[in-house]
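Asks: Just to be clear, the model below is a prediction. Sequence and coordinates:
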Amino acid sequence: MSTEAPAEPAVNYLNASYGIKSWLLTLDHKRIGLLYLATITLMFVVGGLAATLMRLHLVEPQGALFEPETYNKMFSSHGIIMVFFFLIPSIPATLGNFCIPLMIGARDVAFPRLNLMSWYLFVTGCAFVLYDTISGGVDTGWTFYPPYSSLYAQSHVVAAALGIFIAGFSSILTGLNFIVTIHKMRAPGMTWFRLPLFIWALYATSLIFVLGTPVIAVTVFLLGLERLLHVGIFDPAVGGDPLLFQHMFWFYSHPAVYIMILPGMGVISELITAFSRKKIFGYSFVAFSSLSIAVISFIVWGHHMFVTGQALYAGLVFSVLSFLVAIPSAVKVFNWTATLYRGSISYEAPMLYALGFIGLFTIGGLTGLFLASLATDVHLNGTYFIVAHFHYIMVGGAVMAYLGGIHFWWPKICGRLYPDMWARISAAIIFIGFNLTFFPQFMLGYLGMPRRYAVYAPEFQVLNVLSSAGASILGIGYVIPLVYLIWSMRYGPIAGPNPWKAKGLEWTIPSPPPTENFEEIPIVTEDAYNYPAIEPHAYPDSQGVASV
Amino acid sequence: MKVLLQPVIGILAMNVPFQPPAASTIAEGVDRLYLVLSGITVFFSVLIFSIIFVFMVKYRRRKEDEIPVATHTPLLVELAWTIIPSLICAVLFVWTAAIYVQNGRPPRSSIEVFVIGKQWMWHLQHPEGPREINELHVPVGVPIKLTMTSQDVIHDFYVPAFRVKKDVLPGRFTSLWFEATETGTYHLFCAQYCGTNHSEMIGWIYVMSSSDYANWLAGGEKSESLAQLGERLFSQYGCDNCHASESNARAPSLVGVYGRPQKFATGETRVVDESLIQQAILTPNSVRLPNYQPLMPTYQGQIDQEQMLELIAYIKSLGSEERKGQ
């Protein structure tokens, strides 16, 4: 471990070269991570604005602001942008790109040029979708179900599909790059079971990227063909099958849920250990639960289709598999909780995000049982219950973890500290605003309010107004970090190499790191999270926890 | 301002419903399962939140340089919290699957109503002949089977009070059944996004006492039954030239085919259902019988969805008459 340096290093990756060209042609994984950060922040703002307008519209049953057609375009843009252009790349492409080489003791990812290329592909995809939004929008929902999307929709479906198609290649290349990097670039002594759990999570995510994304590429490609040339593959009038699209779409899009949440789980393992100064409880169980989630996620897609007229036995099989995928997630929650036991816990902002994640993810996961369960899913499918459930996972889970990770590694990224009090306040505001926004939606769903309704029955108004009120609080919670993080880049106090006194190779080098990361490639001699601890003499080893 | 105050007033007046009306035979079972799942959610959430809260307070960092006590990972603990949730999930699965399978099959005594979904309305046809738009009148205490298809995109027939929902697809038939237990008026929603006015593709289900229902049926315009209308179409399109009920010469007789397995020229065996009859009318050669020449022309584009339902109703009635005769 290097000792704390009082000042920023004179030359680091941020000031090693100047000018727009030095960024646009950079091969440095850290700079590419920041390029992604800027891009997805822009996309998040656009998608967030759409959500804000939707919630405003829904304060009145007959719709306060828009024609139904406009509202339909709002929720479609919101879904497409947030899923494909924010959540999927969020943690892997920003924090993953930035951290993987630092955490495994490498100078860069395995294929730096490919890494830059995947950013350009992603930006091209973003450009198509933004063009699409500006030029009139798409109104199919993010799920693009034909024959509506292929034959009936009057909006710009092909541009959006093309954007997703292109951005998909960015996912595939990033996944490929990460897999090879993690296999081949680990520092001497960094064995698989000494890897930080964030790396395990990203490895599992990369597997899904590489195996799943080609399927969505094929799916939207066929949709484009169908729309432009009417080949008929999804059109029942000429012998096609609209349900085939749904099978193909969910074969990717259910694993994609785990693309969004697995990296978040990895971040949480880092945060919980760092702020309780403890070894993770059950390292191998947490690591293998990531892999088993990645594998099982590929065989549960049918639970999106319980009410499509799917065969009875298919429904039963998909139901039991969907229950099964809940188990490794539960194991993770239990292990994180047990990690806190006998720790030395402090409550800086990243830890607040991590604890918020555990709470919201627990609720999100448990409400998933309602949807794995056939009899209740029939009632809840297609209602606001679904909306609430997946926002608990994707916003309460993935976005909380993303923000926690950004706050945790921010001092490493820019060498500066942000005002911790503001960060804690905004974490609390986000937590409260989130629950107020989405908890009423569980109730709305059980009452039977369908999703994607521009106008709704008057008895649903009270809960909708509550939800909209929560959304305005949530919006404020997201704006505050944007302000103080940008402020801190120039005016924040110098962070030093390891402000959290955390373990991990990334904290042994200066902040911001030099372009080549490590002057000398480190030799790893200890497990991950090897925080100093006193052996409990009072208890025999195996009963340390069992006696709780 | 009024808008902002509304939730406060609403909650104070307990104006927020917590449960949708439960008005079908299956609603109670679904609600019980929902309640148990809610209980499990609350129990585990509270359990984890309280453990975290206790740890947060008890093990907060008191000195910057304090060194915590090591804990190790006993295998037993890991196994326990893997196996216990698995067992809970297994029990839940068996329970929910039992309800689902039980609800899957409509009783034989069901009244069959045809449903056509189209952007953005529901078209319903009673077997006795009355047609309704965005409204369905049904008697209480009688199982109703809906046979549904779409004329354009995918829709979804959803009645929250009955806890039933099923997609309505173009080019094939899906079915749904319920038995209402309470008279009253209940929401009908389209629950699969279907385009611009998706949120206005809504209607009402009127559950009536059997005497009210009989009056309602009698009060409407006198019309022929679906099967009778279908019979007229059957001769109008010249189907009876070949498919005459007593002759098997040029084409098979259709008496009694509905609901039975049939072997086709392609070698596959399928049960003749609504989807298959529609397929036979639109693309006859795809379901030709082995001993017959491919003589039948396609009726693609000539028969609309309503006429299709009438023809299907007629062909189904051929089956049931024969069975009654046996």
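Replies: Everything's here; your move.

Asks: What pLDDT is listed against the closest residue to A:Ser346 other than its chain neighbours?
Replies: Closest residue in space to A:Ser346, ignoring its immediate chain neighbours: B:Arg61 at 4.4 Å, by C-beta to C-beta, 6 or more residues apart in numbering or on different chains. C-betas here are computed from N, CA, C, even on glycine. If you check B:Arg61, the pLDDT there is 92.

Asks: repeat for B:Cys89
Replies: Confidence score, pLDDT, at B:Cys89: 95.

Asks: which parts of the helix or strand that contains it are buried?
Replies: If you go by DSSP states H and E, B:Cys89 is part of helix B:75-104. Of the residues in helix B:75-104, B:77-78, B:81-82, B:85, B:88-89, B:92-93, B:95-97, B:99-100, B:103 count as buried by neighbour count, 16 or more other C-beta atoms under 10 Å in any protein chain shown.

Asks: Tell me where the model's unsure across chain A.
Replies: A:1-8, A:537-548 (pLDDT under 70).

Asks: Pick out the residue nearest the middle of it.
Replies: In chain A, the residue lying closest to the centroid (C-alpha atoms, centre = their mean) is A:Met260, at 3.4 Å.

Asks: so when I look at that one, I'm seeing a helix, right?
Replies: Yes - with DSSP: H, G, I helix; E, B strand; the rest coil as the criterion, A:Met260 is located in a helix.

Asks: contacting residues for A:Cys64?
Replies: Just to correct that, residue A:64 is Ala rather than Cys. A:Leu56, A:His57, A:Leu58 (C-beta atoms under 8 Å, 6 or more residues apart in numbering or on different chains).

Asks: isn't A:Gln441 right next to A:Phe390, touching?
Replies: No - the criterion here is C-beta atoms under 8 Å, and A:Gln441 misses it with A:Phe390 at 10.4 Å.

Asks: Between these two, which is the more surrounded one?
Replies: A:Gln441 (25 against 20; other C-beta atoms under 10 Å in any protein chain shown).

Asks: For that one, which non-adjacent residue is closest in space?
Replies: Nearest residue to A:Gln441, sequence neighbours excluded (C-beta to C-beta, 6+ apart): A:Ala388, at 3.6 Å.

Asks: ok, the one you found - how many residues close by?
Replies: A:Ala388, neighbours per other C-beta under 10 Å, totals 26.

Asks: where's it relative to A:Gly282, distance?
Replies: A:Ala388 sits at a distance of 30 Å from A:Gly282 (criterion: C-beta to C-beta, to the nearest Å).

Asks: Kindly report the same for A:Phe86.
Replies: Noted for A:Phe86: a distance of 31 Å to A:Gly282, by C-beta to C-beta.

Asks: doesn't B:Thr185 make contact with B:Pro21?
Replies: No - the criterion here is C-beta under 8 Å, and B:Pro21 misses it with B:Thr185 at 9.7 Å.

Asks: Those two: which is more packed in?
Replies: Counted by other C-beta under 10 Å, B:Pro21 and B:Thr185 do not tie: B:Pro21 has more neighbours, with 17 against 13.

Asks: Report pLDDT for that one.
Replies: Per-residue pLDDT puts B:Pro21 at 93.

Asks: List the residues that contact it.
Replies: Counting by C-beta under 8 Å, 6+ apart, B:Pro21 touches B:Pro160, B:Ala161, B:Glu182, B:Gly184, B:Tyr186.

Asks: Out of those, which end up buried?
Replies: Buried among the contacts of B:Pro21 (16+ other C-beta under 10 Å): B:Pro160, B:Ala161, B:Tyr186.

Asks: could those go into CSV alongside secondary structure?
Replies: Listed next are these as CSV, based on three-state DSSP:
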residue, secondary structure
B:Pro160, helix
B:Ala161, helix
B:Tyr186, strand
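
Asks: Check which helix or strand A:Ser290 maps to.
Replies: helix A:283-296.

Asks: no no, B:His123
Replies: Assigned by DSSP H and E, B:His123 falls in strand B:121-125.

Asks: hmm, who's touching that strand?
Replies: B:113-117, B:131-136, B:157, B:188, B:190, B:201, B:203, B:226, B:306, B:309.

Asks: which parts of the stretch 1-150 of chain A sit against chain B?
Replies: Within the stretch 1-150 of chain A, the positions near chain B by C-beta under 8 Å from any C-beta of the partner chain are A:Val59, A:Glu60, A:Pro68, A:Glu69, A:Asn72, A:Asp139, A:Thr140, A:Gly141, A:Thr143, A:Tyr145, A:Pro147, A:Tyr148.

Asks: go with 7 Å
Replies: A:Val59, A:Pro68, A:Glu69, A:Asn72, A:Gly141, A:Tyr145, A:Pro147, A:Tyr148 (C-beta under 7 Å from any C-beta of the partner chain).

Asks: biggest separation within the residues you listed, which pair?
Replies: Pairwise distances among the residues of the stretch 1-150 of chain A next to chain B were taken by C-beta to C-beta; the largest, 33.4 Å, belongs to A:Val59 and A:Pro147.

Asks: Neighbour count: these two, which is higher?
Replies: A side-by-side neighbour count of A:Val59 and A:Pro147, using other C-beta under 10 Å, places A:Pro147 first with 23 against 20.

Asks: quick one, what contacts the closest residue to chain B within the stretch 151-300 of chain A?
Replies: In the stretch 151-300 of chain A, no residue comes nearer to chain B than A:Pro236, which is 2.5 Å away by C-beta to the nearest C-beta. The contact partners of A:Pro236, by C-beta atoms under 7 Å, 6 or more residues apart in numbering or on different chains, come to A:Pro242, B:Pro170, B:Gly171, B:Arg172.

Asks: try it again with 6 Å
Replies: B:Pro170, B:Gly171 (C-beta atoms under 6 Å, 6 or more residues apart in numbering or on different chains).

Asks: repeat for A:Ala528
Replies: By C-beta under 6 Å, 6+ apart, the contact list for A:Ala528 reads A:Arg194, A:Pro196.

Asks: isn't there a strand covering it?
Replies: No - counting by three-state DSSP, A:Ala528 is not found in a strand; it is coil.

Asks: Against which helices or strands is the helix holding A:Ser290 packed?
Replies: If you count contacts as 3 or more C-beta pairs under 6 Å, 6 or more residues apart in numbering or on different chains; DSSP states H and E, helix A:283-296 packs onto helix A:197-229, helix A:312-340.

Asks: Count the neighbours of the closest residue to A:Ala237 other than its chain neighbours for me.
Replies: Distances taken as C-beta to C-beta, 6+ apart put B:Gly171 closest to A:Ala237, at 6.6 Å, once the chain neighbours are dropped. By other C-beta under 10 Å, 19 other residues sit near B:Gly171.

Asks: repeat for B:Leu289
Replies: As a burial measure, B:Leu289 scores 13 neighbours (other C-beta under 10 Å).

Asks: Flag every residue of the stretch 251-400 of chain A that's near chain B.
Replies: Contact residues, the stretch 251-400 of chain A versus chain B (C-beta under 6 Å from any C-beta of the partner chain): A:277-278, A:281-282, A:285, A:307-309, A:312, A:316, A:320, A:323, A:327, A:330-331, A:334, A:337, A:340-346, A:362-363, A:366, A:369-370, A:373-376, A:378-379, A:382.

Asks: still on that earlier bit, residues contacting the residue nearest to A:Ser346?
Replies: By C-beta under 6 Å, 6+ apart, the neighbours of B:Arg61 are A:Ser344, A:Ile345, A:Ser346.

Asks: Please spell out the PyMOL selection for the buried subset of the residues you listed.
Replies: If you want just the buried ones from the contacts of B:Arg61 in PyMOL, going by 16+ other C-beta under 10 Å, the selection is:
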select buried, chain A and resi 344+345
